[in-house]
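Engineer: Dropping a prediction and its sequence here:
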Amino acid sequence: ESKRFPDCTPEGLLEICTTAGLANVEVKALEIECRFETFKDFWHPFTLGAGPAPGYCVALPKDERKQLKQALKSELGAGPISLPGRAWGLKTVV
(Lines give C-alpha, C1' and ligand atoms only; values in the text may rest on other atoms or scores of the structure.)
Protein backbone atom coordinates (compact mmCIF):
# COMPACT_ATOMS: atom_id res chain seq x y z
CA GLU A 1 0.00 0.00 0.00
CA SER A 2 2.97 2.36 0.34
CA LYS A 3 2.91 2.91 -3.43
CA ARG A 4 -0.76 3.96 -3.34
CA PHE A 5 -0.45 5.90 -0.08
CA PRO A 6 3.08 7.37 0.07
CA ASP A 7 2.12 9.59 3.01
CA CYS A 8 1.55 6.45 5.09
CA THR A 9 5.24 5.63 5.38
CA PRO A 10 7.70 6.86 8.01
CA GLU A 11 9.32 9.13 5.41
CA GLY A 12 5.99 10.46 4.18
CA LEU A 13 4.75 11.16 7.69
CA LEU A 14 8.00 12.94 8.59
CA GLU A 15 7.67 15.12 5.48
CA ILE A 16 4.10 16.08 6.38
CA CYS A 17 5.17 17.01 9.91
CA THR A 18 8.18 19.00 8.69
CA THR A 19 6.02 20.86 6.19
CA ALA A 20 3.59 21.68 9.01
CA GLY A 21 6.46 23.19 10.98
CA LEU A 22 6.77 20.45 13.59
CA ALA A 23 10.23 19.68 14.94
CA ASN A 24 11.76 16.73 16.77
CA VAL A 25 9.27 14.32 15.23
CA GLU A 26 9.64 10.64 16.02
CA VAL A 27 7.90 7.97 13.97
CA LYS A 28 7.49 4.55 15.53
CA ALA A 29 5.88 1.35 14.30
CA LEU A 30 3.09 0.09 16.54
CA GLU A 31 2.76 -3.61 15.87
CA ILE A 32 0.33 -6.28 17.01
CA GLU A 33 -0.45 -9.86 16.11
CA CYS A 34 -3.61 -10.24 14.03
CA ARG A 35 -4.96 -13.71 14.72
CA PHE A 36 -7.78 -15.42 12.85
CA GLU A 37 -9.05 -18.79 14.04
CA THR A 38 -10.16 -19.85 10.56
CA PHE A 39 -9.61 -18.76 6.98
CA LYS A 40 -13.30 -17.77 6.88
CA ASP A 41 -12.63 -15.29 9.72
CA PHE A 42 -9.69 -13.87 7.74
CA TRP A 43 -11.56 -13.64 4.43
CA HIS A 44 -14.85 -12.15 5.63
CA PRO A 45 -13.63 -8.50 5.96
CA PHE A 46 -12.46 -8.60 2.33
CA THR A 47 -16.06 -9.20 1.26
CA LEU A 48 -17.32 -5.99 2.90
CA GLY A 49 -15.57 -3.49 0.61
CA ALA A 50 -14.50 -1.04 3.35
CA GLY A 51 -10.88 0.08 2.91
CA PRO A 52 -8.31 -0.24 0.12
CA ALA A 53 -7.80 -4.03 0.03
CA PRO A 54 -11.48 -4.97 0.54
CA GLY A 55 -12.50 -2.28 -1.98
CA TYR A 56 -10.14 -3.82 -4.51
CA CYS A 57 -11.41 -7.30 -3.71
CA VAL A 58 -15.11 -6.56 -4.18
CA ALA A 59 -14.36 -4.67 -7.42
CA LEU A 60 -12.84 -7.80 -8.97
CA PRO A 61 -14.97 -9.89 -11.31
CA LYS A 62 -16.45 -12.87 -9.46
CA ASP A 63 -14.09 -15.43 -11.04
CA GLU A 64 -10.99 -13.35 -10.22
CA ARG A 65 -12.20 -12.82 -6.64
CA LYS A 66 -12.60 -16.60 -6.34
CA GLN A 67 -9.05 -17.11 -7.67
CA LEU A 68 -7.70 -14.58 -5.15
CA LYS A 69 -9.52 -16.33 -2.32
CA GLN A 70 -8.14 -19.72 -3.36
CA ALA A 71 -4.58 -18.36 -3.72
CA LEU A 72 -4.74 -16.80 -0.24
CA LYS A 73 -6.21 -19.95 1.27
CA SER A 74 -3.44 -22.02 -0.34
CA GLU A 75 -0.82 -19.63 1.07
CA LEU A 76 -2.29 -19.16 4.55
CA GLY A 77 -4.02 -22.48 5.19
CA ALA A 78 -7.33 -23.18 6.89
CA GLY A 79 -6.30 -21.62 10.20
CA PRO A 80 -5.40 -20.55 12.67
CA ILE A 81 -3.74 -17.65 10.84
CA SER A 82 -1.38 -15.18 12.47
CA LEU A 83 -0.20 -12.05 10.63
CA PRO A 84 1.50 -8.86 11.78
CA GLY A 85 -0.55 -5.66 11.96
CA ARG A 86 1.16 -2.27 11.89
CA ALA A 87 0.23 1.37 12.40
CA TRP A 88 2.57 4.34 12.53
CA GLY A 89 2.67 6.49 15.65
CA LEU A 90 4.00 10.06 15.70
CA LYS A 91 5.45 11.95 18.62
CA THR A 92 6.48 15.61 18.67
CA VAL A 93 6.66 18.54 21.03
CA VAL A 94 4.73 21.67 20.06
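Structural biologist: Structure's in. What do you need?

Engineer: In the longest helix along the chain, which residues are buried?
Structural biologist: Of all segments of type helix in the chain, defined using DSSP state H, the longest is helix 62-76. Buried residues in helix 62-76, counted by 16 or more other CB atoms under 10 Å: 65, 69, 72-73, 76. In this view, the C-beta of every residue, glycine as well, is placed from N, C-alpha and C.

Engineer: What of stretch 39-55?
Structural biologist: Neighbour-count burial for stretch 39-55 [16+ other CB under 10 Å]: 39, 42-43, 46.

Engineer: Any idea how far apart the tips of stretch 38-46 sit?
Structural biologist: Taking CA to CA, to the nearest Å, the first and last residues of stretch 38-46 lie 14 Å apart.

Engineer: before we move on, the earlier item: I'd like to know which elements the helix or strand following the longest helix of the chain is packed against.
Structural biologist: Where DSSP states H and E defines the elements, the next helix or strand beyond helix 62-76 is strand 81-91. The contact analysis (3 or more CB pairs under 8 Å, 6 or more residues apart in numbering; DSSP states H and E) places strand 81-91 against helix 10-19, strand 26-36, helix 39-43.

Engineer: average pLDDT for strand 81-91?
Structural biologist: For strand 81-91, mean pLDDT is 93.

Engineer: Paired strands for that strand, with orientation please.
Structural biologist: Neighbouring strands of strand 81-91 in its sheet, by DSSP bridges, are strand 26-36 (antiparallel).
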